[in-house]
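**Student:** Just to be clear, the model below is a prediction. Sequence and coordinates:
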Amino acid sequence: MPEKVIIIGSGPAAWTAAIYTARAELKPLVFEGAVTEENRLTGTLPLGQLALTTEVENYPGFPAGNLEAYLDDAIARDKRQFMAPHSKEGVSGPELMELIRQQAVNFGTRVVTHDVVQLDFDARPFKLTASDGKTYEALAVIVATGARANYLGLPSEAEYKNRGVSACAVCDGALPRFRNQPLVVVGGGDAAVEEADYLTKFAGKVYLVHRRDELRASKIMARRAIDNPKIEIQWNRTLDEVLGNDADGVTGVRLKSTVGEPDLVLDASGVFLSIGHTPNTAFLEGKLELTEKKYVKWTTPWRTYTSVEGVFAAGDVADDYFRQAVTAAGTGCMAALDAERWLAARE
Ligand SMILES: Cc1cc2nc3c(=O)[nH]c(=O)nc-3n(C[C@H](O)[C@H](O)[C@H](O)COP(=O)(O)OP(=O)(O)OC[C@H]3O[C@@H](n4cnc5c(N)ncnc54)[C@H](O)[C@@H]3O)c2cc1C
C-alpha cells in the first residue's frame, strides 16, 4: 500500500505539516534527512537551520523563563540525553526543534533518518528513493527541505558562528550583545541593504562591506543605505578575517581591499553575512518547476501547490523572502491542509 503522504524535510515546515497530517489521520512518513558528514558540512542535518543557532527570541510561545523541567518532561529520554544542557532563559534553536519534532511523533508520525535522493513524479503513486536505496510510494508529497545560508567559508567565520557571526539579522539583530555596538554586514544586494538598515535600530553603527564600488541593490535600496547616517559603506573591500577571542566572541574584522589599498581593521561585535541562500532543491531539478533562483515555485496564490498535482511545498524551500521559523511552520500547516483536502477530493 502506498503511503497517503510523505513529507521530505526536517525544519519547522516539515514537522508542522507532520503534526497536522497526523492529526488528520493520514499517518505521515517523514524523511528527516541523513546524519552524514556531508550534511554536517552543508548545514543540512536533521532538525534544519534552527538547530544551528542559539537563542530563538521571536518564535511565539516562548517568553523568557526556565524551560528545563518542561524539556525533561516533554522530550523523549533517548533524545534528551544527547541534547546540550539547557543553559539559558527562553528556548534555544535545538530545543525548539526537538519539541516540534516530538509533538509530531506524539501524534503517530513515523520518521526515516535518510535523505530522499530520487523522485518519480510521473508515476502515480509517486515513487521516492531514499539514501539507503529503499523505494517508497506515496499518494501525496510535501517538500519541506529548506534552504541554507551561504557563508564565505573563512575558518574565523566558522569559529565565531553564534558568538557574533550570524547569517540572519532579523533573527539575531536584537540580541543584547549587538546593542549600541558597531556591526558589520557583508554583501551588496537588496537583502544586505535591508539587513544593514534593520540593524541600525539596535547598533551604534553598521559597516556595509561590499567588494565593488557600486551596490548590486536596486537604486531605491542603495539610496536608503547611502542616506542612513548610521551606515558606513566600505567600498571595494572583502572580509578577510573575523577577529575575536574566547571570552568576548567577535571583537572586529580585518578587511582586504579589492583595489590594492592596505588592509583595514575595524572594531565590531557582530558580523552578519548577507550573501544569499541556497535552496535544498538539487534533487528536484527536472521534477518540479523551480524559480530562477532554484526555489520550488508555488503555482497558485495562497496555496502550497507546485507544478505537479499532489506535490506541495512548504517553508524556505519555496520562500526566498520571509525565511523565518514561524513562516515556515505556517506554510507547513498550509501544505498539510492542502494535501488533506486534495486527497479527500480524490477518494
Ligand atoms: C543561523 C540561523 C539563525 C536563525 N535564527 C532564527 C530565529 O531566531 N528565528 C527565526 O524565526 N528564524 C531563524 N532562522 C531562520 C529559520 O531557521 C528558517 O527560516 C527555518 O528553519 C526554515 O525552516 P524549513 O522548515 O523551511 O527548513 P530548514 O530549517 O531549512 O530545514 C530543512 C531540513 O530538511 C532536511 N532535508 C534537506 N534536504 C533533504 C532531503 N533531500 N531529504 C530529506 N531531508 C532533507 C535537512 O535536514 C534540512 O536541514 C535562522 C537561520 C539561521 C541559518
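**Tutor:** Yep, that arrived.

**Student:** list the contacts for whichever residue of the stretch 101-250 of the chain sits closest to the ligand?
**Tutor:** The stretch 101-250 of the chain approaches the ligand most closely through residue 146 (1.9 Å), counting by C-beta to the nearest ligand atom. Every C-beta, even on glycine, is put in place using the N, C-alpha and C of the backbone. The neighbours of residue 146, taking C-beta atoms under 8 Å, 6 or more residues apart in numbering as the test, are 9-11, 13, 44, 48-49, 279-280, 315-317, 328.

**Student:** Could I get the pLDDT score of it?
**Tutor:** Per-residue pLDDT puts residue 146 at 98.

**Student:** ok, now residue 170?
**Tutor:** On the pLDDT scale, residue 170 is placed at 86.

**Student:** Share the number of residues neighbouring the closest residue to the ligand within the stretch 201-347 of the chain, please.
**Tutor:** Per C-beta to the nearest ligand atom, residue 315 is where the stretch 201-347 of the chain lies closest to the ligand, at 2.4 Å. Using other C-beta atoms under 10 Å, residue 315 has 35 other residues around it.

**Student:** For the stretch 151-300 of the chain, just list every one of the helices.
**Tutor:** For the stretch 151-300 of the chain, applying DSSP state H, counting those that start in this stretch gives helices covering 155-159, 169-172, 190-199, 219-227.

**Student:** mind putting those in a markdown table, distance to residue 344 and mean neighbour count included?
**Tutor:** Putting those into a markdown table (distance: least, C-beta to C-beta, whole Å; neighbours: other C-beta atoms under 10 Å) gives the following:
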| stretch | distance to residue 344 | mean neighbour count |
| --- | --- | --- |
| helix 155-159 | 47 | 14 |
| helix 169-172 | 37 | 21 |
| helix 190-199 | 39 | 23 |
| helix 219-227 | 44 | 14 |
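
**Student:** To residue 141, which of these lies closest?
**Tutor:** Each of the helices of the stretch 151-300 of the chain has some distance to residue 141 by C-beta to C-beta; the shortest is helix 169-172, at 28.8 Å.

**Student:** Other residues contacting that closest one?
**Tutor:** Here helix 169-172 makes contact (C-beta under 8 Å, 6+ apart) with 53, 56, 58, 166, 178, 185, 195-196, 198-199, 270, 272, 274, 324.

**Student:** Just the buried subset of those, please.
**Tutor:** 53, 56, 166, 178, 185, 195-196, 198-199, 270, 272, 274, 324 (16 or more other C-beta atoms under 10 Å).

**Student:** list the contacts for the residue lying closest to residue 145 once chain neighbours are set aside?
**Tutor:** Leaving out its chain neighbours, the residue that sits closest to residue 145 by C-beta to C-beta, 6 or more residues apart in numbering is residue 280, at 4.1 Å. Contacts for residue 280 (C-beta under 8 Å, 6+ apart) come out as 44, 145, 146, 147, 148, 317.

**Student:** Now render those residues as CSV, adding secondary structure.
**Tutor:** Output for the contacts of residue 280, formatted as CSV (DSSP: H, G, I helix; E, B strand; the rest coil):
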residue, secondary structure
44, coil
145, coil
146, coil
147, strand
148, strand
317, helix
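
**Student:** Save these as JSON lines, and put in distance to residue 255 too.
**Tutor:** Below are those laid out as JSON lines (distance: C-beta to C-beta, whole Å):
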{"residue": "44", "distance to residue 255": "30"}
{"residue": "145", "distance to residue 255": "35"}
{"residue": "146", "distance to residue 255": "31"}
{"residue": "147", "distance to residue 255": "27"}
{"residue": "148", "distance to residue 255": "25"}
{"residue": "317", "distance to residue 255": "34"}
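
**Student:** quick one: pLDDT of the residue nearest the centre of the chain?
**Tutor:** Nearest to the mean C-alpha position of the chain, counting by C-alpha atoms, centre = their mean, stands residue 49 at 4.1 Å. Listed pLDDT for residue 49 reads 93.

**Student:** Now for it: which residues touch it?
**Tutor:** Going by C-beta under 8 Å, 6+ apart, residue 49 touches 11, 43, 146, 147, 148, 149, 316.

**Student:** which one of those has the most neighbours?
**Tutor:** Going by other C-beta under 10 Å, residue 11 tops the contacts of residue 49 with 32 neighbours.

**Student:** does that one really touch residue 50, like I thought?
**Tutor:** Yes. In this structure, residue 11 is within contact of residue 50 by C-beta atoms under 8 Å, at 6.6 Å.

**Student:** which residues do those two both contact?
**Tutor:** Taking C-beta under 8 Å, 6+ apart as the criterion, residue 11 and residue 50 both touch 97, 325.

**Student:** ok, and the closest non-adjacent residue to residue 252?
**Tutor:** Excluding the flanking residues, the one nearest residue 252 by C-beta to C-beta, 6+ apart is residue 243, at 4.1 Å.

**Student:** so how far is the ligand from residue 23?
**Tutor:** Per C-beta to the nearest ligand atom, to the nearest Å, residue 23 is found 18 Å from the ligand.

**Student:** Count the neighbours of that residue for me.
**Tutor:** Neighbour count for residue 23, taken as other C-beta under 10 Å: 15.

**Student:** Give me the nearest residue to it, chain neighbours excluded.
**Tutor:** Closest residue in space to residue 23, ignoring its immediate chain neighbours: residue 107 at 5.5 Å, by C-beta to C-beta, 6+ apart.

**Student:** Contacts only, for residue 216.
**Tutor:** By C-beta under 8 Å, 6+ apart, residue 216 lies in contact with 188, 189, 190.
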